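Chemist: predicted model, plus sequence, below.
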Amino acid sequence: MSDELRRRLRQAAAAHRPDRERMLARVERGMTAAGRTPVPRHPGRAAPWLRVAGATAAVAAVLAAAGYGASAVLDDGQGRQVSAAPPVHSTPPNGPRTEDGPRTEDGPLWSDGSVDPHSNDFWAQSNVTLKAADSLTSLVVELRIARTEGVRPTGAWRTLPPDEFVFTTEYEDGFLVYRWRLKRGRTVPAGTHVFAGQYDHARGGRDAGADTYTASARSGGEPAVVRGDFARRSR
């Protein structure tokens with residue numbers, strides 16, 4: 001921290017004059033709502049913790065203006081700490097965070113996600129289509145349906161034999177997640193395979209823009225990972 005910034009911090013803390021009446025009124029309203037007796041006011045003298053809180057806010061403003069992200073923390077003289085968190089930025093300092101884009105081809109594996117055309121105003125089916133140029137010795141397919149209004153699972157299927165996979169459905173981080181895991185010792189033959197998740201949703205057309213899928217596989221000892229959304233692609 002530069003000497004100039006230290007000087008500005010000291011000046012901000014020393015010069016700040018909190019609006020005592022307004023702050024005390026807010027505290028009294030909160031204590032009354034909680035059933036506690038408000039602390040009597042003493043004219044002309046602000047409570048120590050009010051002075052500290054006001055000075056902390058002023059220091060935090062200086063830190064924000066200087067581009068520092070750390071919180072300002074001061075002691076109120078009674079063993080307690082008053083902290084002023086830095087402002088929340090709608091865009092991270094280093095620019096917007098972005099997820100990796102779709103990668104629909106990797107090695108022998110190709111993929112596509114699409115909403116089934118037989119979906120209707122109350123129900124939908126999302127299809128993950130995989131094309132394997134070679135046999136796969138391991139495979140995990142994950143379909144993530146954003147939990148928009150009314151979304152709940154109603155079923156799932158795959159074109160491969162059901163006893164070849166361990167299948168689970170769960171809610172996770174705001175998504176309805178369908179997961180198919182190839183059992184140990186089983187293989188997926190080369191060819192085209194479909195994995196589908198079915199679900200109800202609120203009446204009307206549903207936006208699938210936040211839905212995603214991922215498929216992780218191994219073929220000939222080499223890993224392959226594909227992922228995408230539900231904008232139809234062709235091959």
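Modeler: Looks like it came in fine. Numbering: from 1, shown residues only.
Chemist: all strands of this structure, in order?
Modeler: Assigned by DSSP state E, the chain shows strands spanning 72-75, 81-84, 105-106, 109-115, 123-132, 138-146, 152-158, 165-172, 175-182, 191-200, 212-219, 222-228.
Chemist: go through those strands and name the closest to residue 206.
Modeler: Nearest of the strands of the chain to residue 206, taken as C-beta to C-beta: strand 123-132 at 5.9 Å. Just so you know, the C-beta spots here come from the backbone N, C-alpha and C atoms, and that holds for glycine as well.
Chemist: against which helices or strands is the closest one packed?
Modeler: Applying 3 or more C-beta pairs under 8 Å, 6 or more residues apart in numbering; DSSP states H and E, we find strand 123-132 packed against strand 109-115, strand 138-146, strand 191-200, strand 212-219.
Chemist: again, only using 10 Å
Modeler: Here strand 123-132 touches strand 109-115, strand 138-146, strand 152-158, strand 175-182, strand 191-200, strand 212-219, strand 222-228, going by 3 or more C-beta pairs under 10 Å, 6 or more residues apart in numbering; DSSP states H and E.
Chemist: which one of those lies nearest to residue 168?
Modeler: Judging those by C-beta to C-beta, what sits closest to residue 168 is strand 175-182, at 4.9 Å.
Chemist: could you list the domains of this protein?
Modeler: 3-84, 105-228 (automatic domain parsing).
Chemist: what's the least confident stretch among these?
Modeler: Among the domains of the chain, domain 3-84 has the lowest mean pLDDT, at a mean of 48.
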